[in-house]
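# Task: produce atomic coordinates for the following.
(chains A, B, C and D, ligands or ions: 6)
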Amino acid sequence: MELTVFQIAEGVSRAARAMAGLEQELNAADAKLGDGDTGSMLARVIGAMAASEPQAAGSVSDVFGRLARAGMSATGSSLGTLFASSLLGLSKQTREWERVDWEDLSSLLAAARDGMMARGNAKLGDKTVLDALDAVAAAVAGEVDAEGAARAAREAVDRVILEFRGRPCRMGRAKFFAEKSVGLDDPGMLAFVALTKAVAELPQNAT
Amino acid sequence: MELTVFQIAEGVSRAARAMAGLEQELNAADAKLGDGDTGSMLARVIGAMAASEPQAAGSVSDVFGRLARAGMSATGSSLGTLFASSLLGLSKQTREWERVDWEDLSSLLAAARDGMMARGNAKLGDKTVLDALDAVAAAVAGEVDAEGAARAAREAVDRVILEFRGRPCRMGRAKFFAEKSVGLDDPGMLAFVALTKAVAELPQNAT
Amino acid sequence: MKKLINDPAHYVDEALDGLTLAFPSLARDGAAGRVIRRAEGVTSGKVGIASGGGFGHLPLFTGYVGRGLIDTCSIGNVFEGPNIDSCVDAIRLADGGRGVLRLYGNYGGDRMNFDMAGEVLEDEGIRCTTVLGTDDIASGGPDEIGRRRGVAGLIYAYKAAGASADRGADLEEVTRVAAKAVAATRTIGVGLAPCRLPSAAKPSFELAEDEIEMGIGIHGEPGIWRDRLRPADAIADEMVDRLLADLPAHAGSEVSVLVNGLGATPLEELFILYRRVRKRLDDARLNVFQPLVGNYVTSMEMQGASVSLFHLDEELKTLLCAPAECPFWRVS
Amino acid sequence: MKKLINDPAHYVDEALDGLTLAFPSLARDGAAGRVIRRAEGVTSGKVGIASGGGFGHLPLFTGYVGRGLIDTCSIGNVFEGPNIDSCVDAIRLADGGRGVLRLYGNYGGDRMNFDMAGEVLEDEGIRCTTVLGTDDIASGGPDEIGRRRGVAGLIYAYKAAGASADRGADLEEVTRVAAKAVAATRTIGVGLAPCRLPSAAKPSFELAEDEIEMGIGIHGEPGIWRDRLRPADAIADEMVDRLLADLPAHAGSEVSVLVNGLGATPLEELFILYRRVRKRLDDARLNVFQPLVGNYVTSMEMQGASVSLFHLDEELKTLLCAPAECPFWRVS
Ligand SMILES: Nc1ncnc2c1ncn2[C@@H]1O[C@H](COP(=O)(O)OP(=O)(O)O)[C@@H](O)[C@H]1O
Ligand SMILES: Nc1ncnc2c1ncn2[C@@H]1O[C@H](COP(=O)(O)OP(=O)(O)O)[C@@H](O)[C@H]1O
Ligand SMILES: [Mg+2]
Ligand SMILES: [Mg+2]
Ligand SMILES: [Mg+2]
Ligand SMILES: [Mg+2]
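Numbering: from 1, shown residues only, chains lettered A, B, ... in the order given. Ligands and ions are numbered 1, 2, ... in the order given. Take a look at the predicted model:
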């Protein structure tokens, strides 16, 4: 099944709506380990993405490009920059593609993950947004439609946040106080988890 | 009966002891209308007076002089300066006296009051320390010993604080917000009242 | 309310030690060490300017000792006037043979002590005059300007009088200039949160979590109203409105403006305030000359700000531009 | 925690407007207005120095744009790095034809954006080098200095590199000097009370009424320990002990010291702290040269202070003395 501009734009607007409820929670999670701005930053970034008229894009590559540029204008924070620059990578990667299918999602997310690792020098296992992204990339492999991908992604993020909670942060502002981060959720990972759930909505009445 | 150096020195040490319990209360009263320092200032000033060895003075004039100089070194606040400079006035006034009697107390206090009025430009009725001092000066007129003076002074300060509570401050930091001071005790007056009670101790079992 | 201090009894002296260690142009002097003077000593043949006041307002008062500003400063305890001996010392140390202007804020204790110091010095033949800062428009109506408190605007009087003295003017002239500068200055403050005296158990006043006080004094003296916090622009508007409703006689079309932090207010907020103040002054066709934004006159960790207007004519403008240098203000 | 602000979404831009209105030597530029540059424009033939960082640290970063210091500065939102476009603009606007040193604090977002800006500019032929401030000894051991956060000590790198560029040095030399200055600087901070981001509902961290945090970062990042408040002298002692236990290689017998307020700490307390720091440095036979005491690098209304040592040799000392002028620091 084709992954459409409309679906991506819908996902962005769901994420933007979800940020209203997440902003202060993510700020608070970042306040414990970093500088307390993850939520307000993401609210601004995703708001700017939603305002970039993704639904008017002519292709998936174009929609990724719009989102990337909107995000890059809106912030210079670690997480926002990683998000936006990996979207730019996806836009370049899909430039010549005639269509993008749900089956491609896993490899696109993996490419985003690799781009973020190259830009930010973090490794898998460092307890960052990367670990959540990696888990979702793996989980959606083989899924061929929105519903299957959503279900797999939701399960993956539920798992990964629990898996990492007891481990130390090795990147970002918390890296020097790794012991303090044990038991706390990494704000970037938490953000990715919550946004995945907002975007990967299941059809009504599904579980 | 003679008013002795010993009695004055005793009064100072009683006042100094009392300040421990009064300091924060007087600060709080001043915080409502002024800058919140009346208590800490008086604690320091009376502490310095007690440390000036008043008991070693050769005469009443000398003891007043010691107290005045100690007070003047310890502060430049309105109230402290008025106290100290009026003590200097009393020291000058009694310089040639062979003895000072309790009967002289009323006129000495009146002289102190007048000196303070000249220095500070306040008037009676402005709801300052002056009104309390004036009340005590009047009350001790005709008293011939420590006990009589103490009893009269205590009654006078109890009366004057109630009398002025409902009236507005017309001098000091509170003068521009006279309405706000209605219902509040003037910190200088409150200090004088509390110190008078500490100094004018009644003999054990007296009421 | 936490403080980074040692024994409150040594607060003033330790801070003065640090101040003079950090700024070698300032020296401690006076019998009790409660005078700050220019390290290079008195300029003979120049009218001296002695100021003074309670502690807790840095950079005021001591920080403005320097060339083209004040010569000496007596320092009291926190929020207490300087004692008489320090005032005597400050006047003596400022005297370069042509008399001394006593220039300080209008507070009872400060006045009594500077007055008594003058009486002590009468025999020594040091001529003294007095000008009091009375710029706080929240502390009295326009009909009783002489009774108003002196707050942040005092630094404009320092600047003008200091420049006049530096040019060689005589005592009468320096005094005239200082009085003229005071008369041309208007200030209003707003408080968001109190400070606490080092020796006090409680803050100097209390404000609810969403409350501010318009017209507050630099020692926390009561202001004009207490009400809910509002946007910075609305606060700036009211402050400017009140300042412009209280114009000195002969106010012209040019002002210097000081947006001053009371101690704990971040610079970011002062600039947000200044932006609006500036717009309002532009709208009122007042030309803004040499604005100042920063912490110039504080109340320890009090949160809030004040806005001062210094109404200029050619003479005051020239004096404002004259070279001056102290650790916290430099004009060249 | 009250703030004198308008809409949090306009916080940065309103404050920048106020800043440039107050200081005509600074101009806003860049496509989004998020670059501050010297109003007189670029000095052709001089190596440019571009800095940048999140907002909320005034006078850092923008306040240090000036002669003998930095040329341009890109500004992000509060505690967020500057975005890539602003970094591109800042580098372009700093270029006087001899290349640009990117000199900023070691934070992830800032690095990514300055790096990407460099990639964007590769085609334009602007030569760029990078030096990162890494002075915070609480953020990593001596074996991983390159990973440490950059805090208040960055201004010493500004000063040294700015002086070198002003003398006409080439990009390699200015870069060498900046790296040498960073390597010679050590800072440690202590927090007493947090700040709050304008858009956040809660403060950036929480401390109990009697608690302090040693080693805190300028964004409230966790420090070394939290414990009861203690006397200023004890705090100063620990800070100096930690700084002296972390000497750079070749540290000599002379230092400049910066006792820096984090925003809400009164000057009085900074001088009390400085007094003790100075005594401890004297005891350690370290000669203190050109000390700085004041609010140089803040975190909005955070309460606390930091102490930085800049270990000098003849070269760095000469650069520190070279003339420089910006609204918040002047050497002449
Ligand atoms: N170098 C990095 N690589 C991958 N993820 C990172 C990196 N640095 C930070 N992050 C992620 O970003 C989150 C913090 O985001 P944010 O608060 O926006 O950044 P900042 O630290 O700039 O304030 C961290 O919790 C972490 O998940
Ligand atoms: N001019 C004056 N004449 C008489 N009493 C005064 C005068 N000014 C102040 N006082 C008294 O002093 C009290 C305040 O004392 P204090 O707090 O020590 O002074 P300050 O206002 O200098 O902080 C007032 O409550 C009032 O009673
Ligand atoms: Mg963050
Ligand atoms: Mg008082
Ligand atoms: Mg007082
Ligand atoms: Mg951040």
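
# roughly how far out does the helix or strand of chain A with the lowest mean pLDDT sit from the chain middle?
Lowest by mean pLDDT, DSSP states H and E among the helices and strands of chain A is helix A:178-181, with a mean of 81. How far helix A:178-181 lies from its chain's middle: 23 Å, per Cα atoms, centre = their mean, to the nearest Å.

# can you check stretch A:54-66 too?
With Cα atoms, centre = their mean, you get 17 Å for stretch A:54-66.

# With just CA atoms, put that stretch into CSV.
Extracted in CSV, the C-alpha atoms of stretch A:54-66 (Å, rounded to 0.1, in the frame of the first residue of the first chain):
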residue,chain,number,x,y,z
PRO,A,54,2.4,19.5,4.3
GLN,A,55,-0.9,18.4,2.7
ALA,A,56,-0.1,20.7,-0.3
ALA,A,57,3.1,18.9,-1.1
GLY,A,58,3.4,17.2,-4.5
SER,A,59,5.2,14.2,-3.3
VAL,A,60,6.5,12.3,-0.3
SER,A,61,9.9,13.8,-0.9
ASP,A,62,8.4,17.2,-1.0
VAL,A,63,6.5,16.7,2.2
PHE,A,64,9.6,15.6,4.0
GLY,A,65,11.4,18.6,2.6
ARG,A,66,8.8,21.0,3.8
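
# ranges for the strands of the stretch 51-200 of chain C?
Using DSSP state E, counting those that start in this stretch, the strands of the stretch 51-200 of chain C run over residues C:72-78, C:100-105, C:128-133, C:185-193.

# could I get these as TSV with mean pLDDT?
Below are the strands of the stretch 51-200 of chain C laid out as TSV (pLDDT from 0 to 100):
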stretch	mean pLDDT
strand C:72-78	98
strand C:100-105	98
strand C:128-133	98
strand C:185-193	98
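
# Indicate which one of those is closest to A:L109.
Among the strands of the stretch 51-200 of chain C, the nearest to A:L109 by Cβ to Cβ is strand C:185-193 (47.6 Å). To be clear about C-beta, it is placed using only N, CA and C from the backbone, and glycine gets the same treatment.

# wait, does that closest one contact chain D?
Yes - shown here: strand C:185-193 in contact with chain D (Cβ under 8 Å from any Cβ of the partner chain) through C:V190, C:L192, C:A193.

# Grab the nearest non-local neighbour of A:A141.
For A:A141, ignoring the flanking residues on the chain, the nearest one in space by Cβ to Cβ, 6 or more residues apart in numbering or on different chains is A:S106 at 4.0 Å.

# isn't the one you found right up against A:D134?
No - taking contacts as Cβ atoms under 8 Å, A:S106 lies outside contact range of A:D134: 10.7 Å.

# who touches the nearest residue to A:S13 once chain neighbours are set aside in this structure?
Distance criterion Cβ to Cβ, 6+ apart; nearest residue to A:S13, sequence neighbours excluded, is A:A50 at 5.4 Å. Contact analysis of A:A50 by Cβ atoms under 8 Å, 6 or more residues apart in numbering or on different chains lists A:V12, A:S13, A:A15, A:A16.

# Can you check which helix is longest in chain A?
Taking DSSP state H as the criterion, chain A has its longest helix at helix A:5-33.

# quick one, the helix or strand following that helix and strand D:72-78 angle?
Downstream of helix A:5-33, the next assigned helix or strand under DSSP states H and E is helix A:38-50. Helix A:38-50 runs at 100 degrees relative to strand D:72-78, counting by axes from the mean of the first three to the mean of the last three Cα atoms, to 10 degrees.

# what does the next helix or strand after helix A:38-50 rub up against?
Once the chain leaves helix A:38-50, the next helix or strand it forms, by DSSP H and E, is helix A:60-74. Contact with helix A:60-74 is made by A:3-5, A:8-9, A:12, A:44-45, A:47-49, A:51-54, A:57, A:80-81, A:83-85, A:87-88, A:90-95, A:97, A:99-100, D:32, D:83-85, as judged by Cβ under 8 Å, 6+ apart.

# Can you say which of these are buried?
Those of the contacts of helix A:60-74 that meet the buried threshold are A:3, A:5, A:8-9, A:12, A:44-45, A:47-49, A:52, A:54, A:57, A:80-81, A:83-85, A:87-88, A:90-91, A:93-94, A:100, D:32, D:83-85, by 16 or more other Cβ atoms under 10 Å in any protein chain shown.

# Skipping its backbone neighbours, what lies nearest the residue in the stretch 151-300 of chain C positioned nearest to chain D in space?
In the stretch 151-300 of chain C, no residue comes nearer to chain D than C:F271, which is 3.0 Å away by Cβ to the nearest Cβ. Counting by Cβ to Cβ, 6+ apart, the nearest residue to C:F271 once its immediate chain neighbours are dropped is D:G18, at 3.0 Å.

# and the gap between the one you found and ligand 2?
35 Å (Cβ to the nearest ligand atom, to the nearest Å).

# That residue: what's it in contact with?
With Cβ under 8 Å, 6+ apart, D:G18 has these contacts: C:L270, C:F271, C:I272, C:L273, C:Y274, C:R275, C:R278, C:V293.

# and ligand 1, which of the residues you listed contact it?
Residues of those in contact with ligand 1 (Cβ under 6 Å from any ligand atom): none.

# ok, how many other residues are close to C:R278?
22 (other Cβ atoms under 10 Å in any protein chain shown).

# Just to be sure, it is in a strand?
No - using DSSP: H, G, I helix; E, B strand; the rest coil, the assignment for C:R278 is helix, not a strand.

# Isn't it up against C:V255?
No - the criterion here is Cβ under 8 Å, and C:R278 misses it with C:V255 at 10.7 Å.

# Any chance you could list residues touching both of the two?
The contact lists of C:R278 and C:V255 share C:V288, where a contact means Cβ under 8 Å, 6+ apart.

# Name the SS class of A:M116, please.
The three-state label given to A:M116 by three-state DSSP is helix.

# Just to check, it is in contact with A:L133?
Yes - applying Cβ under 8 Å, one finds A:M116 in contact with A:L133, separated by 7.3 Å.

# These two: which has the busier surroundings?
Just comparing A:M116 and A:L133: by other Cβ under 10 Å the higher neighbour count belongs to A:L133, 27 against 24.

# Show me what the helix or strand where the more buried one lies packs onto, helices and strands only.
Element membership of A:L133, judged by DSSP H and E, is helix A:129-139. Under the contact criterion of 3 or more Cβ pairs under 8 Å, 6 or more residues apart in numbering or on different chains; DSSP states H and E, helix A:129-139 touches helix A:105-120, helix A:146-165, helix A:187-199.

# how about the last one against chain D, any contact?
Spelled out, it's helix A:187-199. No - judged by Cβ under 8 Å from any Cβ, helix A:187-199 makes no contact with chain D; its nearest approach is 10.5 Å.

# Excluding chain neighbours, what is closest to C:G168?
C:G168's closest residue in space is C:K46 (Cβ to Cβ, 6+ apart), at 7.1 Å.

# neighbours around the one you found, how many?
19.

# Poorly predicted segments of chain A, please.
Flagging of chain A using pLDDT under 70 yields the residue ranges A:172-176, A:203-207.

# residues contacting C:E124?
C:R92.

# Please identify the buried residues of stretch C:245-263?
Buried, per 16+ other Cβ under 10 Å, within stretch C:245-263: C:246, C:248, C:251-252, C:254-263.

# Which pair of the residues you listed spans the longest distance?
C:G252 and C:G263 (32.4 Å).

# Give the burial count for the residue in the stretch 201-332 of chain C that ligand 5 sits nearest to, as a bare number.
Closest residue of the stretch 201-332 of chain C to ligand 5, Cβ to the ion: C:H219 (6.4 Å). Counted with other Cβ under 10 Å, the neighbours of C:H219 add up to 27.

# Give me the subset of the buried residues of stretch C:245-263 that also touch ligand 4.
Restricting the buried residues of stretch C:245-263 to those within reach of ligand 4 (Cβ under 5 Å from the ion) leaves nothing.

# Out of these, name the ones that lie in strands.
Members of those lying in strands (criterion: DSSP state E): C:E254, C:V255, C:S256, C:V257, C:L258, C:V259, C:N260, C:G261.
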